[in-house]
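[1] Dropping a prediction and its sequence here:
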Amino acid sequence: MPVGSAVTCTIYCGGWIRASLISRLTRIYKVVAYITREDHLLVFDQKGARFPGFQVPAGSLEAGEDPSAGALREAIEETGLEQLSLVGLLGVAQRDMRDYGFDQIHHRFFFHILCEQPTPATWQHTDPDPSLVSEEMPLLPFDFQWVRMPDKVPHLLADFGYHLPSLYQTLGIKDQA
C-alpha cells in the first residue's frame, strides 16, 4: 500500500489527547519494521536500556527519506540482516511520547518486511550508528529472537505492537487477543 493511501491513523497515550496540545509537541517521523519469516516475528530487547522491554526494529526518517526506504534502512542497520524485502505499508499511527519523558509526537509508518536469509534462532547485533551513543544512551547490543505469531509475541514497548493485527490479517493469522 503506497504512503498516502487510506490507513488507520490515531493519536493515543493512555487516552485521547486534544489537538491544541499536539501542536506544542515536536513531531518526529518514524518507521517501524515488522520483520517476519514464515509464522515468526523478529523482536529484540536491550539489557541495561533506559526503557527495558521488547521492541521491533524502528527509527527516525532522515530528511527527505521515503518511509519505505527508511524502514528497510533501519531494519538492515539494527538487525545486521541484508536479505530483506519490503512487503508493504500496514498503517500509520501517531504516538504521544510524553509518558516516556519526550515532548514529542511520533508519526509512525508501520511496514511488513520479509526476511529471506537463514538466521540463528537468537543473535546479538549492535547498531553501527555512532550518533546514537551518548553518556545517557550507551551503545548496547540488541538481543534478537524469532517468536511465533501471535501467541508468543511479547508485549512491545511504546505501542510498537499497534499494527500487529494488520500484520496478522495480511498473513492470514488469527489474532488470539
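    All right, it came through fine.
[2] does the residue nearest the centre of the chain sit in a helix or strand, and which one?
    The chain has V32 as the residue nearest its centroid, 2.9 Å off, counting by Cα atoms, centre = their mean. In the assignment (DSSP states H and E), V32 maps to strand 26-37.
[3] which strands and helices sit next to that strand?
    Helices and strands touching strand 26-37, by 3 or more Cβ pairs under 8 Å, 6 or more residues apart in numbering; DSSP states H and E, are strand 40-45, strand 58-60, helix 67-79, strand 104-115, helix 164-171. The C-beta positions use only the backbone N, C-alpha and C, and glycine is treated the same way.
[4] just to revisit the earlier point, my read: the residue nearest to the centre of the chain touches H106, true?
    No - using Cβ atoms under 8 Å, V32 makes no contact with H106, being 9.3 Å away.
[5] that older thread, what's the pLDDT at the residue nearest to the centre of the chain?
    Looking at V32, its pLDDT reads 98.
[6] Identify the residues contacting it.
    Contacts for V32 were tallied using Cβ atoms under 8 Å, 6 or more residues apart in numbering; they are 56-58, 71, 108-111, 160, 163.
[7] Please apply the same query to P67.
    3, 29, 31, 61, 89, 109, 111.
[8] excluding its backbone neighbours, what's nearest it?
    Leaving out its chain neighbours, the residue that sits closest to P67 by Cβ to Cβ, 6 or more residues apart in numbering is F109, at 4.1 Å.
[9] Who does the one you found form a beta bridge with?
    Bridge pairing for F109 (DSSP bridges) gives the partners V31, V92.
[10] Can you tell me how far it is from H163?
    Taking Cβ to Cβ, to the nearest Å as the measure, F109 falls 10 Å from H163.
[11] ditto for L171
    Computed as Cβ to Cβ, the L171 to H163 distance reads 12 Å.
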